[in-house]
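In: Sharing a model prediction with you, sequence too.
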Amino acid sequence: MVGLWFAKRWAEYLTFPVATILLIPFEIYELTSSVSALKLVTFVINVAIAVYLLWSKRLFGLNGGQRAKRSAFDRR
């Protein structure tokens, strides 16, 4: 929490996988046992959120990475 409060980059990398990506394998497991419309919609929404967060936060070098984020911040 402190890392996110002070906008530390390492906190974004730590929080993102724990909060979003770590739960996707459990959803896939649930989909293999029985498929329902609600489970499928929930899975698609969670994957879309994960992709959006990766893209918007520029994590793992996507969308220009930290350098592009810093230059966008400097332009404000």
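Out: Yep, it's here.
In: in whichever strand or helix holds Val41, what's buried?
Out: In this structure, Val41 sits in helix 37-56 according to DSSP states H and E. Buried residues in helix 37-56, counted by 16 or more other C-beta atoms under 10 Å: Phe43, Ala50, Leu53, Leu54. Yep, even glycine has a C-beta here, placed from its N, CA and C like the rest.
In: Equivalent analysis for stretch 26-35, please.
Out: For stretch 26-35, burial by neighbour count (16+ other C-beta under 10 Å) applies to Glu27.
In: Please save the CA atoms from it in CSV.
Out: Only the C-alpha atoms of stretch 26-35 are listed here, as CSV (Å, rounded to 0.1, in the frame of the first residue of the first chain):
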residue,chain,number,x,y,z
PHE,A,26,-8.3,-20.4,-11.2
GLU,A,27,-10.9,-19.0,-13.6
ILE,A,28,-9.6,-21.2,-16.4
TYR,A,29,-9.8,-24.2,-14.0
GLU,A,30,-13.4,-23.3,-13.2
LEU,A,31,-14.2,-23.1,-16.9
THR,A,32,-12.7,-26.6,-17.5
SER,A,33,-15.0,-28.1,-14.9
SER,A,34,-18.2,-26.6,-16.2
VAL,A,35,-18.8,-23.7,-18.6
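In: Much appreciated, bye for now.
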